[in-house]
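A.B. asks: Need coordinates for the following:
(chains A, B and C)
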Amino acid sequence: MEGGEKTATSRYKELMALAARRSKTAPAPAETLLAWYDRHRRRLPWRALPGESADPYRVWLSEIMLQQTTVVAAGPYFLKFLQRFPDVVTLAEAPLDDVLRLWAGLGYYARARNLHACAKAVAALGGVFPDTEDGLRALPGIGPYTAAAIAAIAFNRPATIVDGNVERVITRIHAVEEELPRAKPKIRALADPLTPQDRPGDYAQAIMDLGATICTPRKPACALCPWNSDCEAHAQRIEESFPRKAAKTQKPQRHGAAFVAMRADGAILLRRRDEKGLLGGMTEIPGSPWGEKRPKADARTSAPLPGEWRTLPGTVTHVFSHFALELEVLTAQFPHKTKPPKDCWWSLEVDAEALPSVMRKVVEHARR
DNA sequence: GATGCGTGGAC
DNA sequence: TGTCCAAGCAT
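C.D. replies: Numbers count the residues shown, from 1 in each chain, chains lettered A, B, ... in the order given. Sure, this is the predicted structure:
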């Protein structure tokens, strides 16, 4: 049919024009980014050197630690874990408490519990990580992003990662007006076709490096960006306004009291928190429940031991992901023979315990 | 889809 | 000083 021929001809012309543009003026986007990556890639402890193959265990360990966490914060923890648990089977065979002690201070402690559960699952598979997104996705603590990252980086599979960096890069390039998280399907659709069949692992790391070092949340270095000529937000000089996000609501304030019981030999009374919820499975200084009002003068009725409790001047403040906390700190001295209450123990090496940051602040406050 | 879940650094 | 944020996941 005539109409069909016309359509085919115009399609052919479009394809030829596209090919001409690509070959004569601009390489495919992934090639441009990979060429930049080959010159500017970051050297990170968990990364293989150019030409070397990545160790799936190190890739997995680093990806879990890097969830919602900066490279600077995760770095020392990664090295500590690698030294103590050189492979996934060693990690699987360690007690959970050892893992939590080493993770203490890094935050989001469900990651540590899931890390241990995941290590056990992989150990049950012979110590070999699945090499597909679906296989990885089925493991504890591994979601869509992490599954794609491990598949791409450790196994060089053409999986498309979409993390905060990619969301920022993509929404800027296309000036995506839709707010997060509603924009996620659109971002995914825009990111998918960019993933190359050649060097997908390097491409995944390249686009994250681009987001982390060039396409930063504030003051992006657009002059140095390999994609600047394709970026709609840059063309309009409105880079920093992407990605669009709804304003955040204010964090509620909570209050409580913490009881630092000090034994004559310097030991401090500790207990273990419930496995679930905030700081799940971590160690804490015994305290009152946390509520909306300041503890009353008789807060000491909830002390773990009867004693001469005195309230210290000042308070400990700490900001969690979804509320702010102010703690009164009370201390009391106890004889060396004092027995710990149920579910508590005396500790002489507080530094080695699985104490989250907020509890380390409490100990520090009591010692001064 | 909205909510719960840490921490420390940058501005 | 307060705000935002940094390679998300589980429910």
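A.B. asks: Just give the nearest non-adjacent residue to the residue of chain A found nearest DNA strand C, would you?
C.D. replies: In chain A, the residue that lies nearest DNA strand C is A:G143 (2.5 Å; C-beta to the nearest atom of the strand). Where you see a C-beta, it was placed from the backbone N, CA and C, and this is true even at glycine. Of all residues not flanking A:G143 in the chain, A:R137 sits nearest, at 7.2 Å (C-beta to C-beta, 6 or more residues apart in numbering).
A.B. asks: Please list all residues in contact with that neighbour.
C.D. replies: By C-beta atoms under 8 Å, 6 or more residues apart in numbering, the residues touching A:R137 are A:143-144, A:147.
A.B. asks: If we use 10 Å, what do you get?
C.D. replies: Applying C-beta atoms under 10 Å, 6 or more residues apart in numbering to A:R137 gives the contacts A:130, A:143-144, A:146-148, A:150-151.
A.B. asks: tell me the pLDDT at it?
C.D. replies: Per-residue pLDDT puts A:R137 at 98.
A.B. asks: hang on, A:H365 is in a strand, isn't it?
C.D. replies: No. Per DSSP: H, G, I helix; E, B strand; the rest coil, A:H365 lies outside any strand segment and is helix.
A.B. asks: DNA strand B versus the spatially most central residue of chain A, what's the distance?
C.D. replies: Centroid-nearest residue in chain A, with C-alpha atoms, centre = their mean: A:Q67, separated by 1.7 Å. A:Q67 is 8 Å from DNA strand B, where distance means C-beta to the nearest atom of the strand, to the nearest Å.
A.B. asks: With A:P27 instead?
C.D. replies: Plainly put, A:P27 is 33 Å away from DNA strand B if you go by C-beta to the nearest atom of the strand.
A.B. asks: picking that back up, what's the closest non-adjacent residue to the residue nearest to the centre of chain A?
C.D. replies: A:R111 (6.3 Å).
A.B. asks: then the helix or strand hosting the one you found to PDB, C-alphas only?
C.D. replies: Using DSSP states H and E, A:R111 sits in helix A:110-124. Presented in PDB, the C-alpha positions along helix A:110-124 are these (Å, rounded to 0.1, in the frame of the first residue of the first chain):
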ATOM      1  CA  ALA A 110      18.000  -3.500  60.400                       C
ATOM      2  CA  ARG A 111      20.700  -3.500  57.700                       C
ATOM      3  CA  ALA A 112      23.000  -5.300  60.100                       C
ATOM      4  CA  ARG A 113      20.400  -7.900  61.000                       C
ATOM      5  CA  ASN A 114      19.600  -8.400  57.400                       C
ATOM      6  CA  LEU A 115      23.200  -8.500  56.400                       C
ATOM      7  CA  HIS A 116      23.700 -11.400  58.800                       C
ATOM      8  CA  ALA A 117      20.500 -13.200  57.600                       C
ATOM      9  CA  CYS A 118      21.700 -12.700  54.000                       C
ATOM     10  CA  ALA A 119      25.100 -14.100  54.800                       C
ATOM     11  CA  LYS A 120      23.500 -17.200  56.200                       C
ATOM     12  CA  ALA A 121      21.300 -17.600  53.100                       C
ATOM     13  CA  VAL A 122      24.300 -17.300  50.800                       C
ATOM     14  CA  ALA A 123      26.300 -19.700  52.900                       C
ATOM     15  CA  ALA A 124      23.400 -22.200  52.500                       C
END
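A.B. asks: Distance from that helix to the middle of the chain?
C.D. replies: Here the centre of helix A:110-124 is set off from its chain's centre by 16 Å, with C-alpha atoms, centre = their mean, to the nearest Å.
A.B. asks: How about stretch A:65-76?
C.D. replies: With C-alpha atoms, centre = their mean as the basis, stretch A:65-76 stands 6 Å off its chain's centre.
A.B. asks: got it, and stretch A:184-191?
C.D. replies: Centre-to-centre, stretch A:184-191 and its host chain are 21 Å apart (C-alpha atoms, centre = their mean).
A.B. asks: Name the residues of it that are buried.
C.D. replies: A:187, A:190-191 (16 or more other C-beta atoms under 10 Å).
A.B. asks: Same check on stretch A:322-333?
C.D. replies: Residues of stretch A:322-333 classed as buried under the neighbour-count rule (16+ other C-beta under 10 Å) are A:325, A:327-332.
A.B. asks: what about it and DNA strand C, any contact?
C.D. replies: No. Remark: stretch A:322-333 sits outside contact range of DNA strand C, by C-beta under 7 Å from any atom of the strand, the gap being at least 8.9 Å.
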